[in-house]
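K.L.:
sequence first, then the predicted structure, then my questions.
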Amino acid sequence: MSAMSLSTAEEDRIVDLLRDKKSSTTIVLVGKPGSGKTRLAKKLSGRANFDFVLWVCLNRKYDLPALCKIISHQLFLHSTAKELELDDNVDIEEVQEEENLEKLEEKISKALEGKSFILLLDDEGNKMKAGEIKGLLPRTLQDSHKVLITSVNNDDGHKQSQSKEVIEVHPLSEEEALSLLKQRAGSEAFEVPGMEPLVKTFVARIQRLPAAIVIMAKALAFFCKLNSGVQTLERALKEAFDGENRNVIQLLCSAHEMLPSSILVDCAWRGGHYFRDCGSVHYNELIAYWILEGYLGSIDCVEKAYEKGHRILMELIDCGLLKKVEADCVILERSVEADYILTERAKLNLDSCNRWGFDGIASLGLADLFEDGKRGGFGRITQADGIIRTPCKGEKEKKLSTLLLDGNHLCQKFLNKFNEPNHKLRVLAIFNPTFESPPLAFSFMEELNMLVLRGCDFLVKTDYIREFAKLTVLEISGACSLIKLPDDIFKKMNQLQSLNLSSLQIQSLPTSFYDLTELQRLLITDCPNLVKLKMLKKCDKLVVFNLSGSTSLKEFPYKNLRAMKKLRMLDLSNTKITILPIFGEIQQLTHILLRDCCAERLPSIVKLTCLQVLDLSGAKEFVEIQDPSLKANTNLEILDLSGTNVVQIPSNIEDSLSAESKEKFFEHLGKLQILNISKTTIKTLPSLSNLSELRQLLLSCCSSLVTLPDLNNLVKLEVLDLSGCSDLKKIEPESFDRMTCLQRLILSETEIKSLPDLSKLCKLRLLLLNKCTKLKEFPQLESLTKLEELNLCSVPCLGESADFLKNMVQLQILDLSETHIKLLPSMSKLNNLTKLFLRGCKHLVAVEDLDALTKLGVLDLSGTALTHLPSLSNLTNLRHLLLRDCPNLEKFSCPEMLDLSGPVIKELPYDISTLTHLEQLELPNMMNIEGADREMINCLEEEVNLNQWHISSLPEMLTDSQRPFISMSSSKFFQLLEENDSLWDKSFKRFRFSVQPVDQQNKKGGVPCYRDEFDFRHIYFQARCFSYFKEEKRTLEICGFHHLPTGIERVLSHAECLYLLDNAFIKDLHDLDAKNIDLIKGCWIERCQNMESVFHANEVDGVTELGREIEILWLSNVLKLTTIYSGNVQHTGFQNLKCMYLDCCPEIKSVSSLAQLPKNLEVLQIKFCDKLKALFDGSAQCTLQKLHTLHLLELPNLESIGCMMPSLQNRPIIKGCPKLQRHEVEKHCGDRWQGILLED
């Protein structure tokens, strides 16, 4: 980014001054943050042809060692990480010794001897003055250099000095600003007619500062990649000029939508921050920091996480939020605009990061854990071969100090390198390790001060960790098998400052934990078995105290928090704690999070003057805020009482307040931005008149709310949600007169009879009036030209036409379902529509210019009176086309046009067959009921609907997954079968059908949701059982039924592979009738909650050959299954079974008796069956001669195998079976038992 805010002549004069060896003049460049001073200074220094430009950013305080270190880096006196990585002969300790001050000064003086150099002091006056930094220079350098200063402080001190020349750096000219913008944004942003004048006006608005223009360019480039981006950008630019800077900020925020919120919140944190306040940081160290804090999400692969971090780093540099300095180092740019943008974006998006704050988003809290200068970061690190580590090889690996790796790289060969003492490892992070206890190598890591074990699913012991006496940071998370920590594990850790014990199965904390004195951050989250926590008498330095997700914890260990004077965040969300501590006077407490907790009352918060977030959402037992007012909590920004049992506000139970006091409850909350009281039973609200900063007022599902207070002063309100307020009948007529910022108005399912004037809502994007059935007079909507979503479903007063739609050219979602509409305006102007719902518009006979809606993804015309459609070939983005119950629609009279045997749709009218992205197609029911009595027909339809289901044809091949599929009612399907006797022999030689109830079909997601699950299951099944299953041609999936689907036997009897999911009617396969499953070879049964056995036969029904063709049986999450076979006569249907998989069947005790032994079984895999005691019951010995694969995993009660297995081709996998003795395995598995891993 170039900054040309000085004239060429002025630049030349400065360069001449810098070159003049006789002149001692110091040049001072003064300007606003983001004006390009640093780049200009570097450009001028480069033109002056100095041998060295020594750049020192004064965003931190330097002592002599720190200053010498940063200068030595720029003189290349230190090896870079890459050089160290390549040089096996470099000793890391020798490198560290380079920092010996005297030697370093000597090297610097020698490197600069006889050289010309300039000292560039950037951001002077931030943390240090020029005089202070010059005084620290080695004596030999103090008078032998030029000085160039950049500063935001245009003070008299610089101007009065005769040895200084102050030059003000002005914003760019209009021409320069536009040139820079075009260079960074690309040409696409300026190709739209009328765009350049808008951009020019915007550039003037942001004062033509280079840094702001770069961010603006990022926003432009971002918008131009979106389908409707140009229109959105045009609208945003037009709105940026209403006299309020926030609209500009909203536009600029869009440039960062692709970046993780956690990183942006971290960058925007205005408190102490090591990685900002210490000056520069190597980019590898910054990425490692992001990984350790969890900012990049869950880590499966360190290499991929590093690549993601590097991409984000480059984005931040490109946006101007990070500045690249020195060799491979960056600093956080000091930019008021950037800081404001990041903070504002968090508020606008209202994501969880904003609620948690900086303290709540980090796993370890490294950034502010240590005071400046008290720690050395991670040292020199590099990423190679999927590992982030100190760069050293060969014999020098003993000097390795930092190591981050995932479980895939933690092999024994690698661990052997640590199996000797004198290691210098200080930082160790292992993601998704597979060990059950720390390996022996841990015993030699005596210098470790940071240990992170994240995602350790198999960890059951914590050996060696107790010996790490120098630990300051410890995380053990995701250890779902760890039920206890040794009592002395923390005994030696007297320096521990950050402790994260998340997702463990522990019931209590060890006694040594209560002796920790230095703890600042304590996270014991998602520990569902934690039942007791004692008082932390010695932990008076806590800043973050998080117990969220400890769902069994009923008591908080403190009665009051007066000892925790430094506490900033308290999170007791989703716990059983009923009595909260007395908060007292904790001046620094900013966040109290009590989501889904069991507390009934909130103690006084009157002394918590810094409180910003109070979140009680979902706390169903909560009834009372003790304080009669919140007048002391003037910094409160978020108040969330949604889902609580609060019946009035104020909620003081004594109810001794005067009416005037109650009315003023919110009077002092001038900074409040979000007020959420949704899903409560309040009837009225206090006055909101003083909430001038309120952005969101959320009152959805307040079914008892009768009246609203005056809303006229909420001039910055952006979201008003009153949906589900079923007792609300009136909103005062003038309520919306000053809400010019309102973007979302949600009034669904209210009893409102008339609406206030909406014409002033010039920024409204979303208006939801669906199911406002009492609305008497339809509002004037013509002025709402910026609407993007409009829902008028079931609004009776809409009338027969909708001319107000003509100018809503930005509309993306329109729902007019269940209205009396007869005539729609031309759709040609509504070409931004992506979803159009006209379901149940019984009088609508035509939709003009429907083919102009090329962006349409969902089109629902079900239940309309349409007689014809235009060609739909232009609707190339259409994914859902619903034409059900359109009996008048022409060209659908021939059922022969359908081929349900695969994903290909043949001969469909209106060019539907060309819609290659179609995921759901519902065709009209063409059954003609002419001359029938209408009432009789309605009764028949109601009766038929009780037994209705839908059948869908899904793609057979994965490559066809985006091809259209057909979904139709069972009655329609049976009609096809009756009219086409040969369908099974011709069209249905191969099929993949999914059958589900009508109510499931109508739910959001419908078939596509099941379809993804079906695809995954089908691929997995075939991959595991390919050799047995390669000839399968006909697949049927039955999902979500409480009763056997009427008529399903007509499909079931033709199926070869059967999937049964979430079916409550099945107790065993006998419920499907033996003759219906004669052809079934593969059967997958999952989540059938009432299934008790698979096969059943008794003397009464005589069914003994049920499922005789089944070769593969898969049972998963069948929670009531007690046995595979039940009955009182011998069953012979088991004999062809070759593969059996049992997963999560906790009640089953044995696979089968010896009498029912599946003698052709070849593969047996069983896991997570807690009560399984024996594979095969019986006293006599028997043999499974063909069994070649045996997997037994996590079967805690398995004691007996009960059958000889002489043909095992591979070593059996037996793990997590503590009661299974080795001699039992040896007896039945022949010579294959050796080497089997048996848990003690």
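P.N.:
That came through, no problem. All values derive from a computational prediction rather than experimental measurement.

K.L.:
ramachandran coordinates for His950?
P.N.:
Per-residue torsions, His950: phi -120, psi 140 (degrees, to the nearest 10).

K.L.:
do Asp860 as well
P.N.:
With angles defined as degrees, to the nearest 10, Asp860 sits at phi -110, psi 110.

K.L.:
centroid-nearest residue for this protein?
P.N.:
Among the residues of the chain, Gly297 comes closest to the average C-alpha position under CA atoms, centre = their mean, at 8.1 Å.

K.L.:
and the gap between that residue and Val281?
P.N.:
21 Å (CB to CB, to the nearest Å). Any C-beta I mention is one placed from the backbone N, CA and C, and that applies to glycine too.

K.L.:
check which helix or strand covers the residue nearest to the centre of the chain.
P.N.:
Using DSSP states H and E, Gly297 sits within no helix or strand.

K.L.:
now do Ala305
P.N.:
Assigned by DSSP H and E, Ala305 falls within helix 302-319.

K.L.:
quick check: buried residues in that helix?
P.N.:
By 16 or more other CB atoms under 10 Å, the buried positions in helix 302-319 come out as 302-303, 305-306, 308-309, 312-313, 315-316, 318-319.

K.L.:
which phi and psi does the nearest residue to Asn284 once chain neighbours are set aside have?
P.N.:
Closest residue to Asn284 apart from its sequence neighbours, by CB to CB, 6 or more residues apart in numbering: Ile381 at 4.9 Å. Ile381 adopts backbone torsions of phi -140, psi 160, taken as degrees, to the nearest 10.

K.L.:
what sits against Ile381?
P.N.:
Shown in contact with Ile381 (CB atoms under 8 Å, 6 or more residues apart in numbering): 81, 282, 284-285, 288, 388-391, 402.

K.L.:
ok, back up a step: want to throw the buried residues of helix 302-319 into CSV with pLDDT and distance to Leu836?
P.N.:
Formatted as CSV, the buried residues of helix 302-319 follow (pLDDT from 0 to 100; distance: CB to CB, whole Å):
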residue, pLDDT, distance to Leu836
Val302, 92, 46
Glu303, 92, 45
Ala305, 91, 42
Tyr306, 92, 45
Lys308, 89, 37
Gly309, 89, 42
Ile312, 84, 38
Leu313, 86, 42
Glu315, 78, 36
Leu316, 79, 40
Asp318, 74, 38
Cys319, 70, 37
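
K.L.:
before we move on, the earlier item: distance of the residue nearest to Asn284 from Thr402?
P.N.:
To Thr402, Ile381 is 5 Å away according to CB to CB.

K.L.:
give me the common contacts of those two.
P.N.:
In terms of CB under 8 Å, 6+ apart, Ile381 and Thr402 are both contacted by the residues 288, 388-390.

K.L.:
out of these, who's nearest Phe973?
P.N.:
Nearest to Phe973 among the shared contacts of Ile381 and Thr402, counting by CB to CB, is Ile388 at 57.5 Å.

K.L.:
return the residues in contact with the closest one.
P.N.:
By CB under 8 Å, 6+ apart, the contact list for Ile388 reads 284, 287-288, 291, 302, 306, 381-382, 402-405.

K.L.:
pretty sure it is in a helix, no?
P.N.:
No: counting by DSSP: H, G, I helix; E, B strand; the rest coil, Ile388 is not found in a helix; it is strand.

K.L.:
now do the strands in the stretch 251-400 of the chain.
P.N.:
Shown for the stretch 251-400 of the chain, the strands assigned by DSSP state E, counting those that start in this stretch span residues 281-282, 322-325, 329-332, 382-384, 387-389.

K.L.:
what pLDDT, on average, does the third one get?
P.N.:
What strand 329-332 shows for mean pLDDT is 78.

K.L.:
packing partners of that strand?
P.N.:
helix 274-277, strand 281-282, helix 283-293, strand 322-325 (3 or more CB pairs under 8 Å, 6 or more residues apart in numbering; DSSP states H and E).

K.L.:
go again using 10 Å as the cut-off
P.N.:
Counting contacts by 3 or more CB pairs under 10 Å, 6 or more residues apart in numbering; DSSP states H and E, strand 329-332 is packed against helix 261-268, helix 274-277, strand 281-282, helix 283-293, helix 302-319, strand 322-325.

K.L.:
of the ones you listed, which is nearest Ser502?
P.N.:
Closest to Ser502 of the helices and strands packed on strand 329-332, according to CB to CB: helix 283-293, at 13.4 Å.

K.L.:
convert the C-alpha atoms of that closest one to CSV, please.
P.N.:
The C-alpha trace of helix 283-293 is given here as CSV (Å, rounded to 0.1, in the frame of the first residue of the first chain):
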residue,chain,number,x,y,z
TYR,A,283,4.1,-15.2,13.1
ASN,A,284,4.7,-18.8,14.0
GLU,A,285,4.4,-17.9,17.7
LEU,A,286,1.1,-16.1,17.0
ILE,A,287,-0.3,-19.0,15.1
ALA,A,288,0.7,-21.4,17.8
TYR,A,289,-1.0,-19.1,20.3
TRP,A,290,-4.2,-19.2,18.3
ILE,A,291,-4.0,-23.0,18.2
LEU,A,292,-3.4,-23.4,21.9
GLU,A,293,-6.3,-21.0,22.8
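
K.L.:
Thr1189: which of the helices and strands packed on strand 329-332 is closest?
P.N.:
Ranking the helices and strands packed on strand 329-332 by proximity to Thr1189 (CB to CB) places helix 302-319 first, at 32.5 Å.

K.L.:
which residues does Leu1060 contact?
P.N.:
The contact partners of Leu1060, by CB atoms under 10 Å, 6 or more residues apart in numbering, come to 1036-1039, 1041, 1066, 1069, 1072, 1083-1088, 1091, 1115, 1118.

K.L.:
one more time with 8 Å, if that's ok
P.N.:
1038-1039, 1066, 1083-1086, 1088.

K.L.:
who's it bridged to?
P.N.:
Leu1060 forms beta bridges with Ile1038, Ile1085, as assigned by DSSP bridges.

K.L.:
please report how far it lies from Leu816.
P.N.:
Noted for Leu1060: a distance of 40 Å to Leu816, by CB to CB.

K.L.:
and Glu1111, by the same measure?
P.N.:
Look at Glu1111 and Leu816: by CB to CB, they are 53 Å apart.

K.L.:
take the strands of the stretch 251-400 of the chain and write them to JSON lines, including distance to Ile951.
P.N.:
Formatted as JSON lines, the strands of the stretch 251-400 of the chain follow (distance: least, CB to CB, whole Å):
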{"stretch": "strand 281-282", "distance to Ile951": "60"}
{"stretch": "strand 322-325", "distance to Ile951": "56"}
{"stretch": "strand 329-332", "distance to Ile951": "58"}
{"stretch": "strand 382-384", "distance to Ile951": "52"}
{"stretch": "strand 387-389", "distance to Ile951": "52"}
